[in-house]
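> mind looking at a prediction? Sequence and model below.
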Amino acid sequence: MSYVQKNGAKASFAEHSVIEEVYVKDKIKLAYLDVKTDPYYHQVEVEIGLTEYEVAFYEALAENESAVKELGQGALTELAKIIVGVIKENTTIDWTIREKIQTKMRRVVKRVLRNTGYPPDAQKLAELRVMETANAITGKLV
């Protein structure tokens, strides 16, 4: 009898969490690839004055409709620029391996989101999206 058969509920929950995490990571990687190839993103870069990396973070932050309504495009644009600066400042070569550095970066991202007025109900998901986006593009960003 396998572990799944013995502890079906625990295994099912764990599998669901892993699948959800993989889905979010894949979605962010695809979004980054879109930033590089899609003419829409080039148009966004030109229209609102963001670099390709800032556009990736802007998209991660703008997925929450309440944030777009509350903050507006201008504030989200500035927030994306701030996030890129924070990521650049706190990134080291091995940050994806070292938990201490990841924790510090998450804490700084949380602080930036809180201090810029990002909606509290969406901060945790925005933090996850920002960290996954940073993980996907950090080699090119540093």
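Right, received. Where do you want to start?
> which stretches of the protein have low pLDDT?
1-48, 139-142 (pLDDT under 70).
> can we see that at 50?
1-14, 16, 18 (pLDDT under 50).
> find the nearest non-adjacent residue to residue 114, please.
Distances taken as Cβ to Cβ, 6 or more residues apart in numbering put residue 123 closest to residue 114, at 6.7 Å, once the chain neighbours are dropped. To be clear about C-beta, it is placed using only N, CA and C from the backbone, and glycine gets the same treatment.
> how about the contacts made by residue 120?
residue 114 (Cβ atoms under 8 Å, 6 or more residues apart in numbering).
> what about it, distance to residue 64?
11 Å (Cβ to Cβ, to the nearest Å).
> repeat for residue 132
15 Å.
> now residue 122
In terms of Cβ to Cβ, residue 122 sits 4 Å off from residue 64.
> next one: residue 55
The separation that residue 55 has from residue 64, given Cβ to Cβ, amounts to 16 Å.
> so for these two, which sits in the more crowded spot?
Remark: of residue 55 and residue 64, residue 55 carries more neighbours, 25 against 20, as counted by other Cβ atoms under 10 Å.
> my guess is the more buried one contacts residue 80, does it?
Yes - using Cβ atoms under 8 Å, residue 55 is in contact with residue 80, at 7.5 Å.
> mind listing the helices for this protein?
For the chain, helices defined by DSSP state H occupy the ranges 3-6, 8-37, 39-48, 52-62, 65-90, 99-115, 123-141.
> report all helices and strands that the fourth one contacts.
Spelled out, it's helix 52-62. For helix 52-62, the packing partners by 3 or more Cβ pairs under 8 Å, 6 or more residues apart in numbering; DSSP states H and E come out as helix 8-37, helix 39-48, helix 65-90, helix 123-141.
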